[in-house]
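**Student:** Please find the sequence and the predicted model below.
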Amino acid sequence: MIPFLDLKSINAQYREELISAAARVIDSGWYIQGQELKAFEQEFADYCGAKHCIGVANGLDALTLTLRAWKELGKLHEGDEVIVPANTYIASILAITENRFKPVLVEPDSATYNLCPVKTAAAITSKTKAIVAVHLYGQLAPMDEIMALADQHQLLVLEDSAQAHGAESNGKKAGNWGHASGFSFYPGKNLGALGDAGAVTTNDDELAQTIRALGNYGSHKKYENLYQGVNSRLDEMQAAMLRIKLKHLDSETQRRREIAKAYAQGISNPKLMQPISFNSVSQSLSQHVFHLYVVRSTARAALQAHLTAAGVQTLIHYPIPPHLQQAYASWNPHVLPLTESMHQEVLSLPISPLMSRDDVQQVIAGCNSFQVG
Ligand SMILES: *Cc1c(COP(=O)(O)O)cnc(C)c1O
């Protein structure tokens, strides 16, 4: 069986480097808020082209603490409307409701799975104060248009870059487009730690300081607390692991793009809808980081069974949209037909940087031999 993502083998490539970095941390005697974190924050800020990077405990906290910081700074208030794509992973929305803002779910562009500038503009009211722009599956949301809307309506833009480390458009990377950007380093993300970790990038000094304080008990100075903060820190061990992984991120992304290109060119079955970006393969290959390679089929269950029988593991991102989750039962019945149909059709093919040429061909052959009925 071709595994969906073989994390063990991915990390095994760097085993010696990871072990010596771990030993360095163990021997340092310093495990929280030390040199490894400081170095990683600088390296990741530089990688994204942003002025600041603030390590936090996970991707959800990166989003939640950024929105909270804007509240502490008086830029957002409880009850404000925040636009977010309806088909995102639920964490983008949890960060909004945790802060008692009102999420306004906008149907995505059916071709890119990302926010659509026209539908986003139509959702803006006098109460709208922010947009959470998710770069879903590894492709940037249309940030030029979103930032133009934000300027026009004086909205804050938080990128959810959890799936888009290194994705770019016009030479500008995820993490450097919005007023701030939240990243996850969950092990299965393109830049993955060996445990939980996350970060915020921003060019805003005041915001950076506030997030840093909020994640450290609200303390900006030892034993002095400006805010009723939380404990959300990226520890030294994970920072050390991430410094190693970051060095290899671009080559892994390159490999993901090669696999995506082979899929785009090799899968010819009209029963499968491929990610749109392949209408302009070369452009999209230089921008998309292919956290996921998502195809669509109206006969998804049959396609998934067929691929399993062909030795190909697939996953669904995601089977139930946030607005139909029990957690948000108060919104039901909230009708978002496009989002709902996408959730019934999407299927993610394996796209592990370690797949062999034969593996890739096996996936393509499995897709092409699928017949409906
Ligand atoms: C993974 C993910 C998150 C949450 O990150 P965690 O580190 O798991 O908390 C948020 N948004 C999106 C789009 C994600 O894929």
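**Tutor:** Yes, it's here.

**Student:** Write out the residues of the stretch 101-250 of the chain neighbouring the ligand.
**Tutor:** 134, 160, 162-163, 184, 186, 198 (Cβ under 6 Å from any ligand atom). For every residue, glycine as well, the C-beta is placed using N, CA and C.

**Student:** Point out where the stretch 1-150 of the chain drops to low pLDDT.
**Tutor:** Counting by pLDDT under 70, the stretch 1-150 of the chain contains no low-confidence segment.

**Student:** Break down it into its strands, ranges please.
**Tutor:** 52-56, 81-85, 102-106, 128-134 (DSSP state E, counting those that start in this stretch).

**Student:** Output those as a markdown table; include the columns distance to residue 44.
**Tutor:** Shown next, in a markdown table, are the strands of the stretch 1-150 of the chain (distance: least, Cβ to Cβ, whole Å):
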| stretch | distance to residue 44 |
| --- | --- |
| strand 52-56 | 5 |
| strand 81-85 | 24 |
| strand 102-106 | 28 |
| strand 128-134 | 19 |
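
**Student:** Among those strands, which comes closest to residue 24?
**Tutor:** Nearest of those to residue 24, taken as Cβ to Cβ: strand 52-56 at 17.3 Å.

**Student:** what pairs with that closest one, and is each one parallel or antiparallel?
**Tutor:** strand 198-202 (antiparallel) (DSSP bridges).

**Student:** so who does the residue in the stretch 1-150 of the chain that the ligand sits nearest to touch?
**Tutor:** Residue nearest to the ligand within the stretch 1-150 of the chain (Cβ to the nearest ligand atom): residue 59, separated by 2.4 Å. Counting by Cβ atoms under 8 Å, 6 or more residues apart in numbering, residue 59 touches 91, 162, 182-186, 189, 198.

**Student:** Please produce TSV containing those residues, extended by neighbour count.
**Tutor:** Shown next, in TSV, are the contacts of residue 59 (neighbours: other Cβ atoms under 10 Å):
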residue	neighbour count
91	21
162	29
182	33
183	31
184	29
185	31
186	18
189	21
198	28
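
**Student:** hmm, who's touching the helix or strand hosting residue 183?
**Tutor:** Per DSSP states H and E, residue 183 falls inside strand 180-184. Outside strand 180-184, the residues within contact range by Cβ under 8 Å, 6+ apart are 44, 48, 50, 58-60, 62-63, 66, 91, 95, 156, 158-162, 165, 174-175, 191, 197-202, 204, 207, 211.

**Student:** Widest-spaced pair of the contacts of residue 59?
**Tutor:** Maximum pairwise distance among the contacts of residue 59 (Cβ to Cβ): 13.5 Å, between 91 and 185.

**Student:** Show me which helix runs longest in the chain.
**Tutor:** Secondary structure of the chain per DSSP state H: the longest helix is helix 236-266.

**Student:** Would you mark the buried spots in that one?
**Tutor:** Neighbour counts over helix 236-266 (16 or more other Cβ atoms under 10 Å) mark 236-246, 249, 252-253, 255-264 as buried.

**Student:** Ok, stretch 73-83 next?
**Tutor:** In terms of neighbour count (16+ other Cβ under 10 Å), stretch 73-83 has its buried residues at 75-76, 80-83.

**Student:** next one: stretch 315-331
**Tutor:** Of the residues in stretch 315-331, 315, 317-318, 321-324, 328 count as buried by neighbour count, 16+ other Cβ under 10 Å.

**Student:** Now residue 68. Nearest residue, chain neighbours left out?
**Tutor:** Spatial nearest neighbour of residue 68, excluding adjacent residues (Cβ to Cβ, 6 or more residues apart in numbering): residue 99 at 5.5 Å.
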